[in-house]
Structure formats: structure tokens, C-alpha cells
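Asks: sequence first, predicted model second:
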Amino acid sequence: MTRSGKSGTVELPKHVHRVTKRRKNGAETVYTFYTKFRNTAAAWPSLALPEPVERDFQSRVAICEALERDDKGFLLDGKRLPDHAEKDFWPASRKSL
């Protein structure tokens, strides 16, 4: 999927999408997410990612691609991870690799 913006065109990895939030005062904020099975009944919760130009982006996408999911949440290499909304989700996922 190719996205264009003010600084050019960037190829985003599969399952990664960006959302632009526009406020009444004209300010815009862009968020980047990983959502597997997006827009289907089987959609995973969206996992917030850093901006694609940040150093941590590629490592977090690699973690997302290695994730599995069951009824209780996310698994990485058979280890249960904290809830994706918790602050310790990403540190725990790095330790599980």
C-alpha cells in the first residue's frame, strides 16, 4: 500500500495504517497502527506504533508480525503478553523474543 504525504511517498508494511485526526482549530495529528484483519469480524485490536521514520518502528512491526492471538489476548513465542493497552506491553514483547 502506498501512502503520500507532504514529504513524499512511503511504502507501509502489510497491516499498518495511518489515521489523521483533524481538530476544529485546524491542527492535525497522525497516528500509526498495526491492525491485522482490519475491517473484518476477526479484526485484532489496533496496536499503536511510532512514526515510520522513528528508529523503533521496524522492530515493533516485526514483533507485531510474530504475534498470535487467542480469546485471552496476545501471545509471542507461546508466552502470554500483558494487555495491549498497558504500558508494559512493548517491553514485555521485546523480552519474549
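Replies: Cool, got the structure.

Asks: regarding the closest residue to residue 68 other than its chain neighbours, what is its secondary structure?
Replies: Closest residue to residue 68 apart from its sequence neighbours, by CB to CB, 6 or more residues apart in numbering: residue 75 at 4.5 Å. Where C-beta positions appear, they are placed from N, C-alpha and C, glycine not excepted. Following DSSP: H, G, I helix; E, B strand; the rest coil, residue 75 is assigned to strand.

Asks: endpoints of stretch 20-33, how far apart?
Replies: End-to-end distance of stretch 20-33: 11 Å, with CA to CA, to the nearest Å as the criterion.

Asks: for residue 93, grab phi and psi.
Replies: Torsion angles at residue 93 (phi, psi; degrees, to the nearest 10) stand at phi -70, psi -40.

Asks: dump the residue contacts of it.
Replies: Going by CB atoms under 8 Å, 6 or more residues apart in numbering, residue 93 touches 63, 67, 74, 76, 81.

Asks: again, only this time at 7 Å
Replies: Shown here is residue 93, whose contacts under the criterion CB atoms under 7 Å, 6 or more residues apart in numbering are 63, 76, 81.

Asks: if I look at the spatially most central residue of the chain, how far off is residue 24?
Replies: Central residue of the chain (CA atoms, centre = their mean): residue 34, 2.9 Å from the mean position. Going from residue 34 to residue 24 by CB to CB, to the nearest Å gives 29 Å.

Asks: and if you look at residue 50?
Replies: 27 Å.

Asks: more neighbours, these two?
Replies: Set side by side, residue 50 and residue 24 show more neighbours around residue 50, with 15 against 5, by other CB atoms under 10 Å.

Asks: wait, isn't that one in contact with residue 57?
Replies: Yes. Using CB atoms under 7 Å, residue 50 is in contact with residue 57, at 5.2 Å.

Asks: the residue nearest to residue 68 contacts residue 82, doesn't it?
Replies: No. Contact status for residue 75 versus residue 82: not in contact, 11.7 Å apart, counting by CB under 7 Å.

Asks: now the residue of the chain most remote from its centre: how far from residue 31?
Replies: Centroid-distance maximum for the chain: residue 25 at 27.4 Å, with CA atoms, centre = their mean. For residue 25, the distance to residue 31 equals 18 Å [CB to CB].
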